[in-house]
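Q: Fold the following and give me the result.
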Amino acid sequence: MTPARGANKRVFLLTHPRTASNLVIRILNLENQPGVCGLGGNTESSDNNGYFFLPTMPRRLELADRRSEDLAEEEHADMKRCLEACTAEVVRHVESAEAEGKSICVKEHLMRMLSPTAKALVKGRVTTEGRNANIPQQETGEGQNKSLTKEREAQNQTVLPDVFLLSRKVRSRSGNDGQSTLSWPIILDADDVILHPSVIRRYCGIVGLDPDKCQFKWESATAEEQQRLNAFERRMKSSLLSSTGLIKEGKTAIGLDIEHEAQKWKAEFGEEEAKKLLSRVKDAMPDYELLRERRLSEGDG
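A: Sure, this is the predicted structure:
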């Protein structure tokens, strides 16, 4: 299957921790994808294929229990400076790749890209004030894409505007192949990544990667390779590092019972924390089901 032709692509894989995103990167085999620019700059590791916004995490953890409106002016300014520095690295990477006539494929945990005011969205106070970091005008598409509604733009609570994230997508769900057009993101479900390899191959065809370069078998990491990683990364990638291919047993949501899981949380974290976690999981389920209904599947168009 030949990748889509046309303008250079920007592939942003926006994820949450513990959702098989490292597995996706391993399968995509980016180092062997033709025309994809490798990472430079100040990222932790080229193997991560992203994490430009990792430097925001110490500040986010420090301020996690406080409301945005309660932060001191200097705390706001410090976070803003950090976000703008991270954004500048993203823009630099994009511009460098496009100057070489190459595409980019970057993974980033979405929570690291959120504006400090994003919590207001959860409370029903949708706002774009102070949200977007400094993006060059040619990158924001200012004055273009008039079809973007204010309501939709307001719902994007990252520091990168829709037109930066979505304007280079080559094929929309309506089938506008080869056109640079705004359209909704492609949704990948971790279960499909593990159980249905054809979904990843379809994804590659849509975003302009070569499906034939995907790998579903590999060598497990050596002890030396694992030692080069920090302790946190070794823990996060423990299953992947020891694997030689897709692990299906115990890695999907098939047969998962939330109430049964809650008993495990109670034993591990205590009753009070388990109740909080269960409440938040249940609150999030409608959003999860909505996204799952819209996920890319084997039989899509």
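Q: Kindly confirm my reading that residue 26 is in a helix.
A: Yes: assessed by DSSP: H, G, I helix; E, B strand; the rest coil, residue 26 belongs to a helix.
Q: you'd agree it is up against residue 214?
A: No: the criterion here is CB atoms under 8 Å, and residue 26 misses it with residue 214 at 9.7 Å. Every C-beta, even on glycine, is put in place using the N, C-alpha and C of the backbone.
Q: So for those two, which sits in the more crowded spot?
A: Applying other CB atoms under 10 Å to residue 26 and residue 214 shows that residue 26 carries more neighbours, namely 21 against 18.
Q: Look up the pLDDT of that one for me, please.
A: Here, the pLDDT recorded for residue 26 equals 94.
Q: Next, residue 13: phi, psi?
A: Dihedral pair for residue 13: phi -100, psi 100, per degrees, to the nearest 10.
Q: And for residue 112, nearest residue in space, chain neighbours not counted?
A: Leaving aside its sequence neighbours, residue 112 sits nearest to residue 53 (CB to CB, 6 or more residues apart in numbering; 3.7 Å).
Q: Who are the contact partners of the one you found?
A: By CB atoms under 8 Å, 6 or more residues apart in numbering, the contact set of residue 53 is 83, 86, 108, 109, 112, 113.
Q: hang on, isn't the last one packed against residue 159?
A: It refers to residue 113. Yes: the pair residue 113 and residue 159 passes the contact test of CB under 8 Å, sitting 5.9 Å apart.
Q: now residue 197: how far from residue 242?
A: With the distance defined as CB to CB, to the nearest Å, residue 197 ends up 20 Å from residue 242.
Q: more neighbours, these two?
A: Taking neighbours as other CB under 10 Å, residue 197 and residue 242 compare with residue 197 leading, 16 against 11.
Q: What pLDDT does the model give the more buried one?
A: For residue 197, pLDDT reads 93.
Q: OK, contacts around it?
A: 27, 214, 216, 246.
Q: got the residues you listed as a markdown table, with distance to residue 207 columns?
A: Formatted as a markdown table, the contacts of residue 197 follow (distance: CB to CB, whole Å):
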| residue | distance to residue 207 |
| --- | --- |
| 27 | 13 |
| 214 | 12 |
| 216 | 18 |
| 246 | 21 |
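Q: Cheers, nothing more for now.
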